[in-house]
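J.: Okay, here's the prediction I keep looking at, along with the sequence it came from:
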Amino acid sequence: NLTMKDEILKRFLLAKDNPISGQFLADDLGISRTAIWKHLQTLQEEGYVFETIKKKGYVLVGKPDKVDPARINSFLTTERFGRNIHYLDEVTSTQSIAHELAREGAVDGTLVIAETQTKGKGRMARPWESTKGKGVWMTIIIRPDVPPSQAPQFTLVAAVAIVNAIKSICKNFMPSIKWPNDILINGRKCTGILTEMLAEMDRVDALLIGIGINANQQQDDFPPDLQTIATSLSIEEKEEINRPQLVATILNYLELYCDQYIREGFKPIKALWEESSGTIGKQIKATTLREVIEGKAIGITENGVLEIQLENGEIKGVYSADIEI
Ligand code: BT5
């Protein structure tokens, strides 16, 4: 669903250093050269910089640091995920926008993404810090044909997709998954996942997979309460992260794994999850709404339930909890 302006931008992004002529664009997109020129004008006002090369056309030489649809699109290999993007500068929470869109019938794979959130939220209404222009703050609306009881598994599917996307982009550290919804680097949180659901009694209508990733913050961008517990990909990688590429890579993996989960069940996902887990085998303390359980995390079940072995050998399964390692 790219706009004409984004279609033009996408062609420049894919052409890299090769010039594109106004005439080529006009023919390719079926609009006048004047219309092309006006779109280029708008793009320049947004911070894109074009160089004119005599007799050849234009080259894109500068881009603003944004997670705009055309840039995400240029890295996508999916069929459905991210093919419909709602990009906003500032929102209360991408989850709220996604709720509205899902109720209005948004298609499977619709993406809501913003540069900042004023009321980003974690689980149980905890606040989520969303520094402007530095992270990935997004919600993907998916419509799998599954019963509501399977919704929590999608948090684990998303964790596997994100951790593999991070591993394919960053080479200087190893991220690990902390059950159920965190990704950590050297013990500090870089990613949180929040899965919400619209459902009938027996069928999921839509899942809203909210993903918050600290990408380009530096340590002093974090508020005092997060200083010792949060980190960003850029801090650990010691390089600037290409956010549109990260977003698209996550969507590429996510579509692959969601489809695989629907086709083959949880088994292949469980194997991928265990490969990147930093929780299994550790002595942990799990705080659920009802109790505190201490013991050794021994695995996850086919339903994504975390199994903890107590001192006395008894095994308890938890569906949702905060974990301390
Ligand atoms: C989560 O909750 O980790 C889920 C976070 C989901 C955020 C995304 S962003 C896009 C979408 N739109 C939203 O409004 N939300 C989703 P939980 O496990 O409850 O962890 C919340 C805790 O993480 C907070 O209480 C803080 O201690 C910590 N925290 C808050 N902001 C953080 C950040 N930017 N980086 C690391 N830790 C953070």
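T.: Alright, I've got the coordinates.
J.: Burial check on the residue in the stretch 51-200 of the chain that the ligand sits nearest to, number of neighbours?
T.: When scored by CB to the nearest ligand atom, the stretch 51-200 of the chain has Gly192 as its residue closest to the ligand, at 2.1 Å. C-beta here means a position set from N, CA and C on the backbone, and glycine is covered the same way. Counted with other CB atoms under 10 Å, the neighbours of Gly192 add up to 21.
J.: Would you check that Leu13 makes contact with Ala70?
T.: Yes: shown here, Leu13 and Ala70 form a contact pair, counting by CB atoms under 8 Å, at 6.4 Å.
J.: who's more crowded, those two?
T.: In terms of neighbours (other CB under 10 Å), Ala70 is the more surrounded of Leu13 and Ala70; the figures are 25 against 18.
J.: quick one: buried residues of stretch 42-56?
T.: For stretch 42-56, a neighbour-count test (16 or more other CB atoms under 10 Å) marks 43, 48, 50 as buried.
J.: May I have the residues that are in contact with the second one?
T.: Yep, that's Tyr48 we're talking about. By CB atoms under 8 Å, 6 or more residues apart in numbering, Tyr48 lies in contact with 9, 60, 62-64.
J.: how near is it to the ligand?
T.: Noted for Tyr48: a distance of 26 Å to the ligand, by CB to the nearest ligand atom, to the nearest Å.
J.: where do the strands sit along the protein?
T.: Along the chain, counting by DSSP state E, strands occupy 49-53, 57-62, 85-91, 110-117, 135-142, 176-178, 182-185, 188-199, 204-214, 283-287, 292-300, 306-309, 315-318, 322-324.
J.: of those strands, which approaches Gln23 most closely?
T.: strand 57-62 (8.1 Å; CB to CB).
J.: elements contacting that closest one?
T.: helix 4-15, helix 22-29, strand 49-53 (3 or more CB pairs under 8 Å, 6 or more residues apart in numbering; DSSP states H and E).
J.: So which of the contacts of Tyr48 would count as near the ligand as well?
T.: Here nothing survives when the contacts of Tyr48 are matched to the ligand using CB under 6 Å from any ligand atom.
J.: any idea which of those has the most stuff around it?
T.: Comparing these by number of neighbours (other CB under 10 Å), Leu9 comes first, having 25 neighbours.
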